[in-house]
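Trainee: The sequence and its predicted three-dimensional model are supplied below.
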Amino acid sequence: MNEPTDISYRLSRRSLFTGAAALAVAGCAGGESEPTAATTSASAGPAITIENDVDLERALPSLSNWGRWGPDDQLGTLNYMTPQTKLAAVAEIRTGRVVPFGREISSTTPNLRDVTYKMKRYDDPLPDEAGCIDEIGMTYHGFAVTHIDALCHIFTPEGKQGMYNGYPVEDVTPTGALRLGIERMGEVGIVGRGVLLDVGEVRGGSLPVGSVIRPEDLDAAERLHQVQVGEGDIVFVRNGGGTGNTFQRGSGLHASCLPWLRERRASILSSDSDSDVHPPIPGFERWTEPMHMVLIPYLGMPILDNTELDALAEACAAEQRWAFFVSVSPWRFKGATSSPVNPVAIF
């Protein structure tokens, strides 16, 4: 497809949150060497240390899932959700307790972005109906709305290696993404076993906003509640900050958690923030948001942002188990970069 002549729709993610003018995508601009081309590692290999940009770029080939499910794949780690894992997840339903854990919002919720809301009431005389309709519009990315990111949402740095699985960024057009749009998830659905890793509880309470979560925290959360993340699982990492997490300051996972998530073959990452640390951790000047910048375009792992994990943690404590059946239903909006969702856990 030819490059669009009107490029007003092309913005940087950082400028969307901060209102600054046209910065490089997710802070990746600079004169440093390009990351190693994405390839698929045949095995987990030795332990990977990631403490800075150089370490992360060196680790990319072993993290990438490009080609793992073939050159035409558009589902990424959702491929780990098989009929077998879904049936095993159904076995987690024992008491019937239902816990919706999407955030409740309204037209006046703080930090909503690009909101339009119109309520229209009509009182037609019989035999016509009377009632009301409303129009709702907003940008779902951000820190207010529970939403799941499509795999077209984040490119490789500056788009130079394309999107997940090597699809070109030119597939993203003003009328929507031609590939990797949210409808790909919508057409298969997301059902599986959810696992809550309550790092807040591990550390004795809600983490101070801006805290860094490392692999040892994830391991400790597994040990605390005698649960283990396995293939196809949806991983929920609770920091306890909830709506206090923002783009200016928010708790999230350190880049060293990337190999952990890949080796466990998790299908989706979620938290009560956007899963990245804000402001960026020192040493990560290029890879400022490694969860988004690596999980989505390299591992093909969707991120489910801003889930209400306090309610989920309360239910887990009441049930005395931290694994449960989960259903997430993205809308089938062709070419969209995200979908607002209300995940539901059933115990």
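Mentor: Here it is on my side, so go on. Numbers count the residues shown, from 1 in each chain.
Trainee: list the contacts for the closest residue to Val227 other than its chain neighbours?
Mentor: What sits nearest to Val227 in space, not counting adjacent residues and going by CB to CB, 6 or more residues apart in numbering, is Trp322, at 4.6 Å. In this view, the C-beta of every residue, glycine as well, is placed from N, C-alpha and C. Listed by CB atoms under 8 Å, 6 or more residues apart in numbering, the contact partners of Trp322 are 195-198, 225, 227, 316.
Trainee: Of the residues you listed, which is the most crowded?
Mentor: Of all the contacts of Trp322, the highest neighbour tally under other CB atoms under 10 Å goes to Leu196, namely 28 neighbours.
Trainee: Give me the distance from the helix or strand containing that one to the chain's centre.
Mentor: For Leu196, the host element (DSSP states H and E) is strand 190-198. Its chain's C-alpha centre and that of strand 190-198 lie 13 Å apart, by CA atoms, centre = their mean, to the nearest Å.
Trainee: ok, residues contacting the helix or strand following it?
Mentor: Using DSSP H and E, the next helix or strand after strand 190-198 towards the C-terminus is helix 199-202. With contacts defined as CB under 8 Å, 6+ apart, helix 199-202 is touched by 206-207, 213, 217-218, 220-221, 224, 237-240, 313.
Trainee: can you rerun that using 6 Å?
Mentor: With contact meaning CB atoms under 6 Å, 6 or more residues apart in numbering, helix 199-202 is reached by 206-207, 213, 217, 220-221, 224, 238-240.
Trainee: which ones among these are found in strands?
Mentor: Judged by DSSP state E, the contacts of helix 199-202 include 213, 238 as members of strands.
Trainee: which of the contacts of helix 199-202 are buried?
Mentor: By neighbour count, with 16 or more other CB atoms under 10 Å, the contacts of helix 199-202 hold 206-207, 213, 217, 220-221, 238-240 as buried.
Trainee: so which of those residues comes closest to Asp276?
Mentor: Nearest to Asp276, judged by CB to CB, of the buried ones among the contacts of helix 199-202 is Ile213 at 10.5 Å.
Trainee: thought that closest one was touching Leu253?
Mentor: Yes - assessed by CB atoms under 6 Å, Ile213 is found in contact with Leu253 at 4.9 Å.
Trainee: Would you format the contacts of helix 199-202 as JSON lines with distance to Glu187 and pLDDT included?
Mentor: Listed next are these as JSON lines, based on distance: CB to CB, whole Å; pLDDT from 0 to 100:
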{"residue": "Ser206", "distance to Glu187": "37", "pLDDT": "96"}
{"residue": "Leu207", "distance to Glu187": "37", "pLDDT": "97"}
{"residue": "Ile213", "distance to Glu187": "33", "pLDDT": "98"}
{"residue": "Asp217", "distance to Glu187": "35", "pLDDT": "98"}
{"residue": "Ala220", "distance to Glu187": "38", "pLDDT": "98"}
{"residue": "Ala221", "distance to Glu187": "33", "pLDDT": "98"}
{"residue": "Leu224", "distance to Glu187": "37", "pLDDT": "97"}
{"residue": "Arg238", "distance to Glu187": "30", "pLDDT": "98"}
{"residue": "Asn239", "distance to Glu187": "32", "pLDDT": "98"}
{"residue": "Gly240", "distance to Glu187": "35", "pLDDT": "97"}
